[in-house]
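Q: Task: produce atomic coordinates for the following.
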Amino acid sequence: MFVSRHLGRVLLVALAVIVLWALFAGETGAGGPEREYRVRPGDTLWSIAVETFVGDPREGVWELRQRNELETSMIVPGQVLVLPA
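A: Model prediction:
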């Protein structure tokens, strides 16, 4: 009898902890804040990727296109691109 009552309390506390964690858990912001880039004359996705990404520029171009939902690689001066974190 004592064991089942003790087990019930442990399960109730565990459930309360899970509920509280679910309520307060959220985005940690570990990726950092979003950055924006305003396209300048002469810029290409390649040149922006070389300036703003570490590693292979091809991956940077792909990420820029995905993040900004670009169907082509065409960009124009004044256009604002969101840089992936």
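
Q: so residue 50 touches residue 60, yeah?
A: Yes - counting by CB atoms under 8 Å, residue 60 is a contact partner of residue 50 at 7.4 Å. For the C-beta atoms, the positions are set from N, CA and C on the backbone; glycine is no exception.

Q: Pick out whichever of the two has more residues nearby.
A: In this comparison of residue 50 against residue 60, neighbours counted by other CB atoms under 10 Å, the higher total goes to residue 60 at 21 against 12.

Q: what about the strands in the chain?
A: Using DSSP state E, the strands of the chain run over 35-38, 80-83.

Q: what's the weakest-modelled helix or strand in the protein?
A: Averaged element by element with mean pLDDT, DSSP states H and E, the chain has its least confident helix or strand at helix 2-24 (a mean of 72).

Q: Tell me the gap between that one and the middle of its chain.
A: Centroid separation for helix 2-24 versus its chain: 32 Å, with CA atoms, centre = their mean, to the nearest Å.

Q: so where's the chain uncertain?
A: By pLDDT under 70, the weakly predicted segments of the chain are 1-4, 19-20, 23, 25-32.

Q: ok, 80 please
A: Low-confidence regions of the chain, defined here as pLDDT under 80, cover residues 1-8, 10-33, 84-85.

Q: For the residue lying closest to residue 76 once chain neighbours are set aside, which residues are in contact?
A: If the residues on either side of it in the chain are set aside, residue 76 comes closest to residue 39, at 6.4 Å by CB to CB, 6 or more residues apart in numbering. The contact partners of residue 39, by CB atoms under 8 Å, 6 or more residues apart in numbering, come to 48, 75, 76, 77, 78, 79, 80, 81.

Q: Which member of these is positioned nearest residue 68?
A: Looking at the contacts of residue 39 and their distance to residue 68, the nearest is residue 81, at 5.2 Å (CB to CB).
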